[in-house]
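Chemist: pasting the sequence and the predicted model now:
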Amino acid sequence: MNIAQYLDSTYLKTPSQSGLSEEETLQKDKDLAQEAADNGIFAVMIRPDYIPEIKKYLQERNSNVKVGTVIGFHEGTYSIDEKLAEASKAIEDGADELDFVINYNAYLQGNIGLIKEEFVKCTQLCLDHHKVAKWIIEIAALTDEQIADLTKNISAWAEESFSEKDLPYIFVKSSTGFFETTGGKPNGATFEGIKIMLDNAGKLPVKAAGGVRTPEDAEKMINMGVKRIGTSSALALIKNQSSSEGY
């Protein structure tokens, strides 16, 4: 199995989170991009500030690696207007794919109208510019029933708001990798959580993010039906190695 074509190779730490400088962070992103270009990895996922440089870097190397970024990251509590502004800037800067953190706190509070509005408006922006929209629901913050319900809602909103040809470009994604859990609970994709998502996503593709650390796990996720895997261990996975990386 060619795992590389399913991978979003990911580096999302800010300089303050990593203790690196802006220049060192940019270099890490360039290294990630070069690694993706050299190994047939589908996309790199980076913070919005670094999109222009990485897009330019890949274009200069005639690489077709996609550039993805995160919006409303990582808490998802940004207002709709803030998410739209951040997404518009990312599109202008050259992002191909935008991974939005849905306002799962609003969902947990029962404010379904708000999250439907942000989903429809932000997805429409992406589709209008021929970009992929992925919606992170943060499964570690949800019960199994809530994972099923939120995934099902997103699927229903997509089908009622957009045409069938648009649906392959609207993903439901498991995790940010930054959610703090307690008691040793995983904060990324689990087989159980992904199965619930797949069972309720309808015609929408599913992205498993975080916690996929062995080639065997990646292949199992792909065989289950996921269309993309977000990982900070992309090279290890395609070289048939295990990783201890956190995401």
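Modeler: Happy to help now that I have it.

Chemist: and stretch 218-227, how far from the chain's centre?
Modeler: Centroid separation for stretch 218-227 versus its chain: 16 Å, with C-alpha atoms, centre = their mean, to the nearest Å.

Chemist: what does it rub up against?
Modeler: Residues outside stretch 218-227 that contact it (C-beta atoms under 8 Å, 6 or more residues apart in numbering) are 1, 3, 6-7, 171, 189, 191, 194-195, 198, 205-208, 212, 229, 231, 237. For every residue, glycine as well, the C-beta is placed using N, CA and C.

Chemist: dump that stretch to PDB, keeping only the CA atoms.
Modeler: The C-alpha coordinates for stretch 218-227 follow below in PDB (Å, rounded to 0.1, in the frame of the first residue of the first chain):
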ATOM      1  CA  ALA A 218      -2.000   3.700   9.100                       C
ATOM      2  CA  GLU A 219      -2.900   0.800   6.900                       C
ATOM      3  CA  LYS A 220      -5.700  -0.300   9.200                       C
ATOM      4  CA  MET A 221      -7.100   3.300   9.200                       C
ATOM      5  CA  ILE A 222      -7.000   3.400   5.400                       C
ATOM      6  CA  ASN A 223      -8.600  -0.100   5.100                       C
ATOM      7  CA  MET A 224     -11.400   1.100   7.400                       C
ATOM      8  CA  GLY A 225     -12.100   3.900   5.000                       C
ATOM      9  CA  VAL A 226     -10.200   7.100   6.000                       C
ATOM     10  CA  LYS A 227      -9.100   9.200   3.000                       C
END
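
Chemist: mean confidence score for that stretch?
Modeler: Mean pLDDT, computed over stretch 218-227, is 97.

Chemist: the spatially most central residue of the chain in helix, strand or coil?
Modeler: Nearest to the centroid of the C-alpha atoms of the chain, with distances taken as C-alpha atoms, centre = their mean, sits residue 99, at 4.5 Å. Secondary structure, DSSP: H, G, I helix; E, B strand; the rest coil: residue 99 is strand.
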